[in-house]
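[1] Provided below are the primary sequence and the corresponding predicted coordinates.
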Amino acid sequence: MTSTLSVNINKLATLRNARGGNVPDVLKAALDIERFGAQGITVHPRPDERHITYADVRALKKLITTEFNVEGNPREKKFVELVLEVLPTQVTLVPDAQGQLTSDHGWDTVANRDYLRETIALFQSKGIRCSIFVDPLPRMIEGAKETGTDRIELYTESYARDYPTNHQKAVEPYTHAAKLANQLKLGINAGHDLNLQNLRYFKSQVPGLLEVSIGHALISDALYYGLENTVQMYRRELA
């Protein structure tokens with residue numbers, strides 16, 4: 001089974017915003033990334049718009065021809081309004097706090113079950129596929145099922161951190177989580193710190209992996225290998 005690659009372009013927007021103006025051109029880069037073989041584009045607009053802006057999301061929606069995945073915290077009213085306006089292929093719900101540097105934990109799907117169920121139902125009523133960010137814990141996977149979500153996105157930071165010292169031990173929680181998700185008929189996405197060194201093994205050990213979202217590592221690798229080549233390198237790791 002081939003897993004699809006969705007490229008998170010936040011880092012390109014960070015580079016643009018650091019200088020002002022429109023270099024690099026985020027919209028053109030997204031189209032090129034699609035042309036180079038990515039099967040989706042991911043963005044994660046945050047309230048401070050420090051990288052991807054809300055205007056970027058609106059403009060990208062008009063251009064993207066592959067899957068468009070918008071990530072964010074639905075407790076932000078502005079985010080919910082944006083998603084309902086642009087109607088992406090998928091919305092990934094992430095429990096980020098305001099000002100958080102990067103996503104660093106999944107939802108407590110038990111404590112937030114009713115809230116997530118209501119929010120997911122709203123997005124699904126507009127034809128948007130829903131995924132929720134979760135840690136690879138059985139209780140959280142079971143809780144995710146109760147929310148009515150279409151998919152989960154496994155938060156892979158701990159796997160990436162521990163992979164160099166013991167890759168088998170690092171992936172075990174994710175293998176177990178995936179098997180449970182498959183039993184519960186939940187689709188499986190994954191993301192955070194996946195890279196060219198650890199991606200192939202993760203994919204081989206996580207049954208039913210549908211999609212990975214990769215940004216920081218892929219854009220960093222592109223500085224050395226070139227963007228087109230890098231997209232193809234990541235695609236090959238997922239074949």
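    Yep, it's here.
[2] T42 - that's part of a strand, no?
    Yes. Assessed with DSSP: H, G, I helix; E, B strand; the rest coil, T42 lies in a strand.
[3] Surely it touches V7?
    Yes. In this structure T42 lies within contact range of V7 using C-beta atoms under 8 Å: 6.6 Å. Just so you know, the C-beta spots here come from the backbone N, C-alpha and C atoms, and that holds for glycine as well.
[4] who's more crowded, the two?
    V7 (32 against 28; other C-beta atoms under 10 Å).
[5] wouldn't the more buried one be in contact with I41 here?
    Yes. With contacts defined as C-beta under 8 Å, V7 counts as touching I41 at a distance of 6.1 Å.
[6] Give the residues shared as contacts by the two.
    I33 (C-beta atoms under 8 Å, 6 or more residues apart in numbering).
[7] re earlier: now the common contact residues for T42 and V7.
    What both T42 and V7 touch, as defined by C-beta under 8 Å, 6+ apart, is the set 213, 215.
[8] Sketch out the helices for this structure, chain order is fine.
    10-19, 26-35, 54-63, 77-86, 113-124, 138-147, 157-162, 167-183, 199-205, 216-225, 227-238 (DSSP state H).
[9] Same question for the first one: list its buried residues.
    Read that as helix 10-19. Using 16 or more other C-beta atoms under 10 Å as the test for burial, helix 10-19 gives 10-14, 16.
[10] centroid residue for the chain?
    Nearest to the mean C-alpha position of the chain, by C-alpha atoms, centre = their mean, lies S213 at 4.1 Å.
[11] how far away is the nearest residue to L184 once chain neighbours are set aside from V110?
    Once flanking residues are discounted, L184 sits nearest to K145: 4.5 Å by C-beta to C-beta, 6 or more residues apart in numbering. Computed as C-beta to C-beta, to the nearest Å, the K145 to V110 distance reads 11 Å.
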